[in-house]
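[1] Sharing a model that was predicted from the sequence below.
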Amino acid sequence: DTGVSQNPRHKITKRGQNVTFRCDPISEHNRLYWYRQTLGQGPEFLTYFQNEAQLEKSRLLSDRFSAERPKGSFSTLEIQRTEQGDSAMYLCASSLKRTNTGELFFGEGSRLTVL
Amino acid sequence: AQSVTQPDIHITVSEGASLELRCNYSYGATPYLFWYVQSPGQGLQLLLKYFSGDTLVQGIKGFEAEFKRSQSSFNLRKPSVHWSDAAEYFCAVGAGSGGYQKVTFGIGTKLQVIP
């Protein structure tokens, strides 16, 4: 059983550049979530997919952020024109709709540093 | 909207001592409650969860938690702490309806274990 996989694990970029993170959820999980975690904080909800449909987006997700899950499997999170305030750990999680318990399975995260 | 309060940002205990991490939640109905653990540079791992039934739940690594509705609390306990328990612990609440539980995390409690 492979868990949730995230790539890249670390990304250092200059302000103004675009970055993209990828998340591969557990294969039978049809729900996928993105969270952001900054130093000293808990994970903050960004967005949620059920299959390929993006059903909820947080107000934290500015128009520079876009997430997709084109075939209901893997997902990408793109940040355009990065700012230093975007530096954070981006966590992906997946869950199974059938259980509907809110239990999330997390990947190891993608750490973004914006210089 | 639901929220979680973890009043202790940092706790230090001696190895072999007992541990209690506090968590209070705010939600109008019966919530789904979780404790996750995060080791440095890692994603979050589920320790235990409460959905219904027995208010004392057992988790992995010898942890347990007790749901107290009257106090809106879900405190995490361990009778004897091991050095490997040093990590950050997050309480979370899942709340919603219609087949979707949105999970909100607390700020976390960092546990230091001294010999």
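    Everything's here; your move. Just so you know, these numbers come straight off a predicted model, no measurement behind them.
[2] where does the chain have low pLDDT?
    With no chain named, the answer covers chain A. Chain A contains residues with pLDDT under 70 at A:1, A:98-100.
[3] Please refer instead to chain B.
    Low-confidence segments of chain B (pLDDT under 70): B:97-100.
[4] So for it, the centremost residue is which one?
    Nearest to the mean C-alpha position of chain B, by Cα atoms, centre = their mean, lies B:W35 at 3.2 Å.
[5] Name the nearest residue to that one, sequence neighbours excluded.
    Nearest residue to B:W35, sequence neighbours excluded (Cβ to Cβ, 6 or more residues apart in numbering or on different chains): B:L47, at 4.4 Å. (Glycine included, C-beta is placed from N, CA and C.)
[6] Near chain B, which residues of chain A are found?
    A:4, A:33, A:35, A:40-45, A:48, A:50, A:55-56, A:91, A:93, A:97, A:100-109 (Cβ under 8 Å from any Cβ of the partner chain).
[7] Let's see that with 7 Å instead.
    Contacts of chain A with chain B, taken as Cβ under 7 Å from any Cβ of the partner chain, map to A:41-43, A:45, A:91, A:97, A:100-104, A:106-109.
[8] Distance check, B:L47 against chain A.
    Applying Cβ to the nearest Cβ, to the nearest Å, the value for B:L47 to chain A is 11 Å.
[9] And the helices in chain B?
    Taking DSSP state H as the test, none of chain B falls into helices.
[10] Perfect, I'm done here.
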